[in-house]
Structure formats: structure tokens, C-alpha cells
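**Student:** A structural model of the following input is requested.
(one chain, ligands or ions: 1)
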Amino acid sequence: MNSEALLARAPTADAPAPHPTAPHPCAPQPVPAPPSSAGAVEVDVEEAEDFLGLLHAEHPDQPLTVRQRMRQVRAEIADTGSYAHTADELVFGARVAWRNSSRCIGRLYWQSLRVLDRRNATEPREIHGHLCEHLRQATNGGRIRPTISVFAPDVPGRPAPRVWNDQLIRYAGYRGDDGRTVGDPAHLDLTEAVRRLGWRAPGGPFDVLPLVVDAPGHEPQLFDVPEDLVLEVALIHPDRPEFAELGLRWHAVPAISNLRLRIGGVDYPLAPFNGWYMGTEIGARNLVDSDRYDLLSVIAERLGLDTGSESTLWRDRALVEVNIAVLHSFQRAGVRISDHHTESRRFLAHLAKEERQGRRVPADWSWIVPPLSGSLTPVFHRYYDEADQRPNFYPDETRARCPRAH
Ligand code: ARG
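**Tutor:** Numbering: from 1, shown residues only. Next comes the predicted model:
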């Protein structure tokens, strides 16, 4: 059987509902919506003040006092309904939004986030160019750098650009006539939508989707992600050569592009950001979830495991092997990745460090605990503060229709 056949999924009659907190892909609506953000509301002065207070408390070396800066901000809001962040405010806001992301285990390095200020870009082509530059700088030949690109905010009377894609690099999913799917089932709707916009789909299991840039005053526009900007890793196993025959691969950079960055009351709907992968995201979710590539049985069979009864724990064994393969392949390819044990320890180091600074660390247990060997990691054995602290990232409810975004 060739790998494409292996990667075709039979229709599942009653696939289990996804984990309630699992990342839920956003399906763009097939027909482009009118600029949905036309109704951006006036910025909440109090939220602006809270943010500037936080910035000044953590970085007292500001050119203006909070009072002076607030005087400007209030006047600007009265005038335009919003206000423009200074470059320093933008950098601080984006970093703190990461620091406050309760679902992210990788926050130890929040201060190193690289912030690319793209607020002036308005034309689809220009926006696409910046998205490509984001991938170039973030990928960095495999030495992945946490990066965010911040595009224009939603301002009353001046809607912001968006992209339809939930990440800058994602694989297409195709519904076959026989009910089978090929590729990533999370992207069936987006794939259909881009085909309607004229994308010629190759029909393979790992086709990188084009970007759909939806900028005010323009029709949604398709752009391919240039091949040389998509670093991918072919998956091999350190001591099971037959694993490579599955023809599996994954992209190196997870760059989330459907969350709205909110800083001091201002919304930035297009602010794609990336870190590096933790192996389990690929090896225990993307390739394995029953509503994603659903490959566990295929992998078990290839490895010759006894799948005759649940109690052989063939699922668990196959899961460990695919995760070994993911980490091994990325490391061999020189692409930054981390394992869940290391990332869990780093997260607790982050917690301790933040607490020493007198700060709360909001965290969501069901997202922080890794989907493999949870109880072997120290993050399992405790509870967390669940506060919603701002700045932060939020699902963009004004974006093209989402069945259930996050
Ligand atoms: N879980 C998502 C994926 O598999 C990526 C989420 C962000 N992950 C990260 N390591 N920054 O594509």
C-alpha cells in the first residue's frame, strides 16, 4: 500500500467528540463575509490605563509618566475611538500576552519574543510579504525563534486585516467521494474554501494550504507559501526503519494566525505568533487524534504490535513509538523541538520565577498537562490559578464563521 492510501481515513460513524479544550480548528466561511470588524467599538479607557500602569510598574524607565501618557491616550480615544501604541508598548504588550496565555506550557522564554511591527501594512500583497518574512525569521534554518507579527488593529471605521488560516502553515484535507478523507481533517472546510477561490489542490496527504489574506477594501486573496519557507521534517524512527515507509512528515513551525491579540483595550485580529513544537503536539495529537490523521492503528500495524485486544496496550506502545520518531527526526534534521518532560520542568521553573516577581501565572491544567505520560510530569500533580489576565490572546469571534473556535 502506498503512503497516500495509508493516509486516507475511512469515514468514522461516530467519532468521539474532541477533547473539550483541544484546539478546535476554525472553519472559514465559504462565502467571504463583509468586513466583519466594521463595528469596532471605542477603546475602554480603563483597560488602556491598566495596561499602561502595568508597563510603567514593570519598566519605570518610560519617557512619560502614566498620567502624561494617559492624557494623550484619552485625547486620542476621544478623537478617534482608539489610540496607537508606541513601539515599546507594543513589544511589552505582545510579550505579556504570551506570559498570560494559560494554555501554553512554553512560557519560560516570554521575554525573548521577537515582535515585528507590521501595523502599516494594508495591501494583501504587502501583508503576504510580511507573513513570508515572519516564517523566514521564525524558522531561522531550524533554530526556531519565538516571533509575532502585529498587523493593524481594529479601529472604529477602519477594520483590520485578517487571514482565514488558523496557522500560517497547515495541511489541506480532502473529502473523497467514498467518504474517506485524505490529509488533515481539521482543514476540510478551509481546503474547500480555497479551492472555490481557485486553488488547484494536489490532493496529497501533506499539501501546504495557501494563505487567504482578507484585507479591508479587497476581496479575500490567495497566496501560496513559497516552498523554501516551509521547513518540514520527514519522520523516521531511530531503530525501526519500517516507520519511514509510512511517509509521514510535519512542518517545523507552528504559527497561530487566528487569535486576536488584545493590548490595553486595542484588538489586533491579525497577529500571527509562533514558538517551537513540543513533540506531543505532533506525535500525540495531530497524527493520532481520531478527528485528525488518526494513524494509531496504521502505525501499530506497521510496527507489528498485537492489536488483538485493548489489554495488550498496543495503542500506548504505538503512541510512544510515534513520539520517539517525532523527537528523533526533528533533532536529526536540526530543527528545534522539545520533549514534554523538559518542557514541564521549564514550566515549573517559569512559575517559580514569576511568583518571585510577585506575579500570578494563570494556567489551564487540561492544556498544560501533556497528552502523553501526564502523571510522569510534575505539572500534573498540582492545581493552577485560572485568572484571565490581560494583555492576552482571544478567539476572534468577528472573524469568518467558526463552528466552535477554541
Ligand atoms: N498544537 C498546535 C499544532 O500542533 C500548535 C499550538 C502552538 N504550539 C507551540 N508549540 N507554540 O499545530
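**Student:** and the protein, which residues reach the ligand?
**Tutor:** Counting by CB under 6 Å from any ligand atom, the positions of the chain adjacent to the ligand are 23, 106, 254, 256, 275, 277-278, 281, 286. C-beta coordinates here come from the backbone N, C-alpha and C atoms, glycine included.
**Student:** Now, those that are in strands?
**Tutor:** Among the residues of the chain next to the ligand, DSSP state E puts 256, 277-278 in strands.
**Student:** Show me what the most centrally placed residue in the chain bridges to in the sheet.
**Tutor:** Among the residues of the chain, Ile256 comes closest to the average C-alpha position under CA atoms, centre = their mean, at 2.8 Å. Note on Ile256: beta-bridge partners by DSSP bridges are Gln167, Phe273.
**Student:** wait, isn't it in contact with Leu270?
**Tutor:** No: using CB atoms under 8 Å, Ile256 makes no contact with Leu270, being 11.3 Å away.
**Student:** follow-up on the earlier one: with distance to Arg170 and pLDDT added, can I get the ones in strands among the residues of the chain next to the ligand in JSON lines?
**Tutor:** Output for these, formatted as JSON lines (distance: CB to CB, whole Å; pLDDT from 0 to 100):
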{"residue": "Ile256", "distance to Arg170": "10", "pLDDT": "98"}
{"residue": "Tyr277", "distance to Arg170": "14", "pLDDT": "98"}
{"residue": "Met278", "distance to Arg170": "18", "pLDDT": "98"}
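**Student:** Let's have the residues you listed in JSON lines, adding distance to Pro159.
**Tutor:** Listed next are those as JSON lines, based on distance: CB to CB, whole Å:
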{"residue": "Ile256", "distance to Pro159": "21"}
{"residue": "Tyr277", "distance to Pro159": "33"}
{"residue": "Met278", "distance to Pro159": "35"}
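**Student:** Pick the one among the residues you listed closest to His237.
**Tutor:** Closest approach to His237 among these (CB to CB): Tyr277, at 17.5 Å.
**Student:** Now that closest one: closest residue in space that isn't a chain neighbour?
**Tutor:** Distance criterion CB to CB, 6 or more residues apart in numbering; nearest residue to Tyr277, sequence neighbours excluded, is Ile337 at 5.0 Å.
**Student:** Contact partners for that neighbour?
**Tutor:** Ile337 sits next to 276-279, 326-327, 330-331 when contact means CB atoms under 8 Å, 6 or more residues apart in numbering.
**Student:** switch to 6 Å and redo it
**Tutor:** Ile337 makes contact with 276-277, 279, 330, according to CB atoms under 6 Å, 6 or more residues apart in numbering.
**Student:** The residues you listed: which two are farthest apart?
**Tutor:** Between all members of the contacts of Ile337, the farthest pair (by CB to CB) comes out as Trp276 and Gly279, at 10.2 Å.
**Student:** what about the two, which has more around it?
**Tutor:** Gly279 (26 against 22; other CB atoms under 10 Å).
**Student:** doesn't Asp339 make contact with that one?
**Tutor:** Yes: contact criterion CB atoms under 6 Å: Gly279 and Asp339 qualify, at 5.5 Å.
**Student:** Mind listing the shared neighbours of these two?
**Tutor:** Going by CB under 6 Å, 6+ apart, residues that sit against Gly279 and also against Asp339 are Leu327.
**Student:** tell me which residues in stretch 314-331 are buried?
**Tutor:** Across stretch 314-331, burial judged by 16 or more other CB atoms under 10 Å covers 314-315, 317-319, 321-330.
**Student:** show me where the stretch 51-200 of the chain has helices.
**Tutor:** 66-80, 87-99, 124-139, 188-196 (DSSP state H, counting those that start in this stretch).
**Student:** Quick check: nearest residue in space to His218, chain neighbours excluded?
**Tutor:** The spatial neighbour of His218 that comes closest, neighbours along the chain excluded (CB to CB, 6+ apart), is Pro124 at 5.3 Å.
**Student:** For burial, what's the neighbour tally of that neighbour?
**Tutor:** 22.
**Student:** now Phe393
**Tutor:** Look at Phe393: counted by other CB under 10 Å, it has 23 neighbours.
**Student:** go on, the one 4 residues further on?
**Tutor:** Neighbours of Glu397 under the rule other CB under 10 Å: 10.
**Student:** circling back: just give me the closest of the contacts of Ile337 to the ligand.
**Tutor:** Tyr277 (4.9 Å; CB to the nearest ligand atom).
**Student:** State the distance from Ala138 to Ala172.
**Tutor:** 22 Å (CB to CB, to the nearest Å).
**Student:** same check, this time on Glu46
**Tutor:** Taking CB to CB, one finds Glu46 at 44 Å from Ala172.
**Student:** ditto for His130
**Tutor:** Distance, His130 to Ala172, by CB to CB: 23 Å.
**Student:** More neighbours: which of those two?
**Tutor:** The residue with more neighbours, out of His130 and Ala172, is Ala172; 25 against 18, by other CB under 10 Å.
**Student:** okay, and for the chain, where does confidence drop off?
**Tutor:** By pLDDT under 70, the weakly predicted segments of the chain are 1-39, 399-406.
**Student:** Scan it for its longest helix.
**Tutor:** In the chain, with assignment by DSSP state H, the single longest helix is helix 314-332.
**Student:** Could you list every helix and strand in contact with that one?
**Tutor:** Contacts defined by 3 or more CB pairs under 6 Å, 6 or more residues apart in numbering; DSSP states H and E place helix 314-332 against helix 279-280, helix 296-302.
**Student:** Could you list which residues are in contact with the residue lying closest to Pro185 once chain neighbours are set aside?
**Tutor:** Excluding the flanking residues, the one nearest Pro185 by CB to CB, 6+ apart is Gly173, at 4.9 Å. Residues in contact with Gly173, defined by CB under 6 Å, 6+ apart, are 181, 183-185, 187-188, 191.
**Student:** As CSV, those residues with distance to Gly217 and neighbour count would be great.
**Tutor:** Putting the contacts of Gly173 into CSV (distance: CB to CB, whole Å; neighbours: other CB atoms under 10 Å) gives the following:
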residue, distance to Gly217, neighbour count
Thr181, 36, 22
Gly183, 33, 27
Asp184, 32, 25
Pro185, 34, 22
His187, 27, 26
Leu188, 30, 17
Thr191, 26, 25
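**Student:** which of these lies closest to the ligand?
**Tutor:** When the contacts of Gly173 are compared for distance to the ligand (CB to the nearest ligand atom), Asp184 wins out at 9.9 Å.
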